[in-house]
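[1] here is my input; please provide its structure:
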Amino acid sequence: MGSDKALLSWRGRTFLDGAIESLRPHTDMVLVVTGKNRDSLAPIIFAAGAFLVENATPEQGQFSSLQVGLREVLNRGRDAAIVVLVDRPPAQAGTVGALREAFVRQSAEGKWAVVPEHDGRHGHPLVAGRELIEAFLRAPATSTARDVEHQLPDRIAYLVVDDPLVIGNVDTPEEYEKLAGA
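    Numbers count the residues shown, from 1 in each chain. Okay, the predicted model is just below:
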């Protein structure tokens, strides 16, 4: 993209502050993991009342940032997390609430997480309980979240949602323009 995708403009905000705002009604604490972009993201994070956690080794990839964030979730005494990617457009407001509610129901039935599904594709945000958080933390840093999820198919619940943003991804300026125009 040539710029930090978390700072892309989205509906009067950025992907980052839109993601923070989407979480606010559904959680008591929002953590944002940064890497080399710490200085450019910190003002937005703090202005939104979120907490900044720095990944000291961002060159190890996105999964290492997930692990840093999830370790911090457990260190702060929480047993579940809503995981959002800040380099994508945030899900619609009702989607996050529906995923959280589904997680409460599904965890009582032995599920470790709830993942949104749209048009047959799995997306974000996902809601992960302690068991999945621990599985992510045990996995090698070279893993992906998808790798770990696919090893636990009986523990993951999928919630079909009418929100194309859960599968929205932006890797090129053309994809961003197309998404922003939709």
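
[2] helices of this structure, residue ranges please.
    Here the chain has its helices, by DSSP state H, at 15-23, 38-47, 62-75, 93-107, 130-138, 145-150, 173-181.

[3] possible to save these as TSV with distance to residue 86 and mean neighbour count?
    Glycine gets a C-beta too; all of them are placed from N, C-alpha and C. Formatted as TSV, the helices of the chain follow (distance: least, C-beta to C-beta, whole Å; neighbours: other C-beta atoms under 10 Å):
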stretch	distance to residue 86	mean neighbour count
helix 15-23	5	23
helix 38-47	8	15
helix 62-75	10	18
helix 93-107	14	18
helix 130-138	18	18
helix 145-150	15	16
helix 173-181	14	12
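
[4] between those helices, which gets nearest to residue 87?
    helix 15-23 (6.4 Å; C-beta to C-beta).

[5] make JSON lines out of the helices of the chain and add mean pLDDT and distance to residue 81.
    Formatted as JSON lines, those follow (pLDDT from 0 to 100; distance: least, C-beta to C-beta, whole Å):
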{"stretch": "helix 15-23", "mean pLDDT": "94", "distance to residue 81": "10"}
{"stretch": "helix 38-47", "mean pLDDT": "95", "distance to residue 81": "17"}
{"stretch": "helix 62-75", "mean pLDDT": "96", "distance to residue 81": "5"}
{"stretch": "helix 93-107", "mean pLDDT": "95", "distance to residue 81": "10"}
{"stretch": "helix 130-138", "mean pLDDT": "97", "distance to residue 81": "6"}
{"stretch": "helix 145-150", "mean pLDDT": "92", "distance to residue 81": "12"}
{"stretch": "helix 173-181", "mean pLDDT": "83", "distance to residue 81": "26"}
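
[6] which one of those lies closest to residue 6?
    Of the helices of the chain, nearest to residue 6 by C-beta to C-beta is helix 15-23, at 4.1 Å.

[7] can I get that closest one in CSV? Just the C-alpha atoms.
    Presented in CSV, the C-alpha positions along helix 15-23 are these (Å, rounded to 0.1, in the frame of the first residue of the first chain):
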residue,chain,number,x,y,z
PHE,A,15,-9.3,1.7,10.2
LEU,A,16,-7.6,1.9,13.6
ASP,A,17,-9.9,4.2,15.5
GLY,A,18,-12.9,2.6,13.7
ALA,A,19,-11.7,-0.8,15.1
ILE,A,20,-11.3,0.6,18.6
GLU,A,21,-14.8,2.2,18.5
SER,A,22,-16.3,-1.1,17.3
LEU,A,23,-15.0,-2.8,20.4
